[in-house]
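1. Quick one, structure for this:
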Amino acid sequence: MSIKVGIIGTGNMGGALIKGLCSSEREYEIYAYDLNTQITEQLAKQYSINIMPSVQELSKQCDVVVVAVKPHHMENVLKECKKTLSKNTVFVSVAVGLTIEYYTKILGEDKKIVRTMPNIAALVREGVTIVSFGDNVTSDEKKLVMDIFSCVGYVEELDESLMCQVTALTSSSPAYIFMMIEAMADAAVQSGIPRNVSYRLAAQAVSGSARMVLETQKHPAELKDMVCSPAGTTINAVYALEEKGFRSVIMTAMKECTGRAIEISRGMDK
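-> Below you'll find the predicted structure:
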């Protein structure tokens, strides 16, 4: 029997989930709602999905409801969901800073709440999604949610107390990496390499380096040392990065990101 999954908000994340679920080997029956009907109509032309007329109708229909809207829009969506959301339906949030407690206060203590933090790479099914579960979610329902987000990449469960901290590590980090790729390509262009080639080669170098960390399971420092030959070119580059505080800047940026996530969480919980 197919699982009925509803997606409220079909922007980047909602759209990525629809694409991933439609490409999955498992059979899902997908329902979608967005205030911007042009987006849902376009998705319906590409994928086999059911466009719903309202949040209430979607919530009433589905086994799992995924809400992928910005935090400041969430309260209005929750008030609509509450009218028809069953206590047997799994409610999944894709929003930074909003706690499981925040959702239970509005939807009710008996509801099955899941908090997730995916990243933008879900658009190419290479995302990282961090998941935290409320007390009412069963082991089978946990597996179901993990399977759904596995359609767009890697999934890992984490204690909710670390959700703001992990925002800087997985959710926001693609931005830092995109900036690094851009800078690498700019330097390559300055040295005479065509821009389209520079972007492609820089991105592949980053992708390959990440794959080495994952597949070899070696410490990143050990892998770095493998590239740094004595009196070679790479160690000169590493020296320049260290001199400019490369690692310190990354750590400071992540600290700032975490701080902002905590501010959002505290503000929305009031």
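
2. Can you list the residue ranges for strands in this structure?
-> Here the chain has its strands, by DSSP state E, at 3-8, 28-33, 50-51, 64-67, 90-94, 112-117, 127-133, 153-157.

3. Determine the number of other residues adjacent to Val55.
-> Residues lying near Val55 (other Cβ atoms under 10 Å) number 25. Placement of C-beta: from N, CA and C, glycine included.

4. Isn't it up against Cys81?
-> Yes - under the criterion of Cβ atoms under 8 Å, Val55 makes contact with Cys81 at 5.8 Å.

5. so what sits against both of those two?
-> Ile8 (Cβ atoms under 8 Å, 6 or more residues apart in numbering).

6. could I get the strands of the chain as a markdown table with mean neighbour count, mean pLDDT and distance to Glu141?
-> Listed next are the strands of the chain as a markdown table, based on neighbours: other Cβ atoms under 10 Å; pLDDT from 0 to 100; distance: least, Cβ to Cβ, whole Å:
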| stretch | mean neighbour count | mean pLDDT | distance to Glu141 |
| --- | --- | --- | --- |
| strand 3-8 | 24 | 96 | 11 |
| strand 28-33 | 22 | 96 | 15 |
| strand 50-51 | 16 | 96 | 22 |
| strand 64-67 | 25 | 98 | 8 |
| strand 90-94 | 26 | 97 | 5 |
| strand 112-117 | 24 | 97 | 6 |
| strand 127-133 | 23 | 97 | 8 |
| strand 153-157 | 15 | 97 | 13 |
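
7. quick one: which of those is nearest Tyr176?
-> Checking the strands of the chain against Tyr176 by Cβ to Cβ gives strand 127-133 as the closest, at 13.9 Å.
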